[in-house]
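J.: Sequence and computational prediction follow.
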Amino acid sequence: MDAPRGLIPFGRTPLGAEHSKSAMKNYSIYAIIASVLIFGVLFWFAHIGVVLSVIIIADLIIIFRVKNNSGIPLAVNLNHPFMESAAVADSEIMVRFSKDWINPGISRLKLVKDPLTGWNVHKQDEQLSILSGWDSNLSEKALNRQLSIINQAISLNNAINESNDEFEDARDREAQDSTLLEREWLPEDEIDVQGPLSRMFSSE
């Protein structure tokens, strides 16, 4: 499904393109290592055609994994910092965890596994409300990595639109007991998006 009119999928933003390039570079190294190992193990025991076939299949699996992991269900408009250009109007973002594109709002999001329905995305608001189910076969680690980028998009969207600081609000609620969600602040593998935002503010 294409992004809503006027919005650009994350993969087509400058930051998204850089993210995909970095992921492909990392997995290419894995592909080379896997190819060398497979060739070394099977060279003396199998026909060269079989060896090459196994290497090709292994490489295709790695490429398919890169494609899935880089397909972040996020779209932004031209005013969002991910576009690395000065904003001239309100920033907009949309996400698609299931069938339809939706506005995630201003709260950070959290991944929660429901034993009956599968993965759900919760808002870290006062009600800990469910935003959407997430139809995906990716691992929890991969989904959390994607969600960390989406959370950055939400925070930057709030900064451009001068929304309330959801970080401070959420930290104030951290003292409250909650058995539903386990907070996660700024994962270490978040990508660096401070540069474009800093340049934009410094140009004002």
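T.: That came through fine.

J.: State the distance from Gln146 to Glu126.
T.: 25 Å (CB to CB, to the nearest Å). C-beta: built from backbone N, CA, C; applies to glycine.

J.: out of the two, which sits in the more crowded spot?
T.: Gln146 (23 against 11; other CB atoms under 10 Å).

J.: Phi, psi for that one please.
T.: Here is the backbone geometry of Gln146 (degrees, to the nearest 10): phi -70, psi -40.

J.: same deal with Glu84?
T.: phi 60, psi 40.

J.: what about it, neighbour count?
T.: 16.

J.: Is it in contact with Glu18, as I believe?
T.: No. Under the criterion of CB atoms under 8 Å, Glu84 is not in contact with Glu18, lying 9.8 Å apart.

J.: can you list contacts of whichever helix or strand Leu131 is part of?
T.: Here Leu131 sits within strand 130-133, counting by DSSP states H and E. With contact meaning CB atoms under 8 Å, 6 or more residues apart in numbering, strand 130-133 is reached by 95, 97-98, 102, 104-105, 109, 117-123.

J.: do that again at 10 Å, thanks
T.: Applying CB atoms under 10 Å, 6 or more residues apart in numbering, the contact partners of strand 130-133 are 73, 95-100, 102-105, 107, 109-110, 112, 114, 117-123, 125.
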